[in-house]
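Participant: make a model of this:
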Amino acid sequence: MRKVRIDSGLGVLNRLRNMHQNHRRVARGVVSVATFVLVSKFIGAVKEMALAQRYGISREVDAYLLAFNLVTWLPTVLWAVGSLTLVPTLVALIKQQEERRFLAELNGTTIQLGLLTTAMVVTLGTAVIGLIVRSWDASAQELARAFVWQLALAGLMLVLSASLSIRLQAREKQGYTLLEAMPSLGVLGFVALIPSSGPGPLIWGTLTGAVAQLGLLVLMVQRAGALGQWVTFRRSSPYWSYAYIYFSVVFVGQIAASMVAPMDNVFAAQLGKGAVATLGYATRLIALATGLAATAIGRALLPVLAGVVAKGDLKLGRAHVLQWAKLAAIGSGLVTILGWIAAPTVVTLVFQRGAFTAEDAAVVARVFRFALLQLPFYCFGIALVQWFAATRRYSVLTGTAVLGVLVKFALNVLFTRLLGVAGIALASAGLYLFTSVALLVMARRGQV
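Facilitator: Okay, the predicted model is just below:
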């Protein structure tokens, strides 16, 4: 028996030693990104604690969060869409003669998008925020509008930072993930150093952090050789004709996917008092796991797969992504089992204090358990999404996203009648089961 165990252990070590180079690169990327995300989340959590201590539940925090989310919404969508559409192109252009021209034109395009985003925030943002806070008193409404104007510059810097981060992702330089914590770190620093409960520390902290993030990204991109030597506002590179199409298709899919959260809130609102809050607490917990998985898997896997596709070895790339998809599903499946067992303890430790009672914890834990069921399918699908992005089959991703919204709606109708709020969480598992199976079928079809 002992000899068998030794032989088995040696077999595992040999397989690890003989691991394909692509698997090594993905594994290093996953570990790096996951580590940076955890550090970034920790900084964000400390910032939230500092805000709670300084401001409590106040209009300043409400106005700041609403304005910040409004200002950063479009840049965040552009970042997500740009990552899927630009990384494969940038990987294919590395060390190619066309790279310098494309980077110069990308610099100009990014500046134009950033300025357009800022103009939209200034012109439309105050009107939108006015509709959102129209039930507030006059001084609070004015504070919210002021926050939008004052934070508009952060939107410009986030667009510029997104472009630089995408270039670093294409070169597998994952340190940019850690820099995403800079705005939170800036707010934390100003709140700690300035003894004021006014809006000043929030505004100056956010802007200082955004400037620091952008400056450090410029240095990292320049060191990686991906900054470009000039700025061109004309787009003459032949790669732009495809980029416009890809970006438009993925943007539609991203908008469709973003409809799921408000849809869930609408369903929860029909289930009585406390249903929306219960779903919100469970969603915030599961979002920690799904966010970490999506960031780590996506950012590590996409540039490697794009490199394989650029070399024309589609068979190898498909085999590798299926292996990582299975590994992600197995690993997240183990997390699901452990999370199901520990759900009551986790909810109690995180939320149960003050007005949040033991009965509330039991209700949220039940919903959280059903939410955990989505994790293996979600992680499996995230890996496959990178394959379709690498092979530029964006219509598959958009079509799946649109159909997924319809499936989620139908499952919400069915499961909420049977399980209440927990049915909404279970419907999410059904959504990701559908999308992962659909993507698997499409990945196995044809040459890619």
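
Participant: domain ranges for the protein?
Facilitator: Per the record, the chain has its domains at 22-245, 259-448, by automatic domain parsing.

Participant: let me have these in TSV, extended by mean pLDDT.
Facilitator: Converted to TSV, the domains of the chain look like this (pLDDT from 0 to 100):
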stretch	mean pLDDT
domain 22-245	84
domain 259-448	87
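
Participant: which one of these lies nearest to Val252?
Facilitator: Counting by Cβ to Cβ, Val252 lies closest to domain 259-448 out of these; the figure is 5.3 Å. C-betas here are computed from N, CA, C, even on glycine.

Participant: the closest one: how far from the chain's middle?
Facilitator: How far domain 259-448 lies from its chain's middle: 12 Å, per Cα atoms, centre = their mean, to the nearest Å.

Participant: would you mind measuring from Phe251 to Thr72?
Facilitator: 17 Å (Cβ to Cβ, to the nearest Å).

Participant: which one's more surrounded, those two?
Facilitator: Counted by other Cβ atoms under 10 Å, Phe251 and Thr72 do not tie: Thr72 has more neighbours, with 21 against 18.

Participant: let me see the contact set for that one.
Facilitator: 154-155, 158 (Cβ atoms under 8 Å, 6 or more residues apart in numbering).

Participant: most neighbours, which of these?
Facilitator: Result: Gly155 is most packed of the contacts of Thr72 (other Cβ under 10 Å), 28 neighbours.

Participant: residues contacting that one?
Facilitator: Neighbours of Gly155 in contact, by Cβ under 8 Å, 6+ apart: 71-72, 74-75, 114, 117-118, 121.

Participant: would you reformat the contacts of Thr72 as JSON lines and include secondary structure and distance to Val211?
Facilitator: Shown next, in JSON lines, are those (DSSP: H, G, I helix; E, B strand; the rest coil; distance: Cβ to Cβ, whole Å):
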{"residue": "Ala154", "secondary structure": "helix", "distance to Val211": "9"}
{"residue": "Gly155", "secondary structure": "helix", "distance to Val211": "13"}
{"residue": "Leu158", "secondary structure": "helix", "distance to Val211": "11"}
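
Participant: nearest to Arg299 among the residues you listed?
Facilitator: Proximity of these to Arg299 (Cβ to Cβ) peaks at Leu158, which lies at 17.1 Å.

Participant: find the nearest non-adjacent residue to that closest one, please.
Facilitator: Using Cβ to Cβ, 6 or more residues apart in numbering and skipping the chain neighbours, the partner closest in space to Leu158 is Pro75 (4.0 Å).

Participant: wait, isn't that neighbour in contact with Val159?
Facilitator: Yes: the pair Pro75 / Val159 is scored as a contact, 4.8 Å apart, by Cβ atoms under 8 Å.

Participant: what do the two both touch?
Facilitator: Contacts common to Pro75 and Val159, judged by Cβ under 8 Å, 6+ apart, are Thr117.

Participant: picking up where we left off before, who wins for neighbours among the contacts of Gly155?
Facilitator: The contacts of Gly155, ranked by neighbours (other Cβ under 10 Å): first place Val71, 29 neighbours.

Participant: and that residue, what element?
Facilitator: Assigned by DSSP states H and E, Val71 belongs to helix 59-93.

Participant: on that earlier part again, and which of the contacts of Thr72 is nearest to Ala80?
Facilitator: Nearest to Ala80 out of the contacts of Thr72 is Leu158 (Cβ to Cβ; 12.1 Å).

Participant: if I look at the closest one, how far off is Ala152?
Facilitator: Leu158 is 11 Å from Ala152, where distance means Cβ to Cβ.

Participant: what do you get for Val335?
Facilitator: From Val335 to Ala152 the distance is 40 Å (Cβ to Cβ).

Participant: between these two, tell me which one has more neighbours.
Facilitator: With neighbours defined as other Cβ under 10 Å, Val335 and Ala152 compare such that Ala152 has more, 21 against 16.

Participant: give the contact list for the closest residue to that one other than its chain neighbours.
Facilitator: Distances taken as Cβ to Cβ, 6+ apart put Val121 closest to Ala152, at 4.5 Å, once the chain neighbours are dropped. Contact analysis of Val121 by Cβ under 8 Å, 6+ apart lists 70-71, 148, 151-152, 155.
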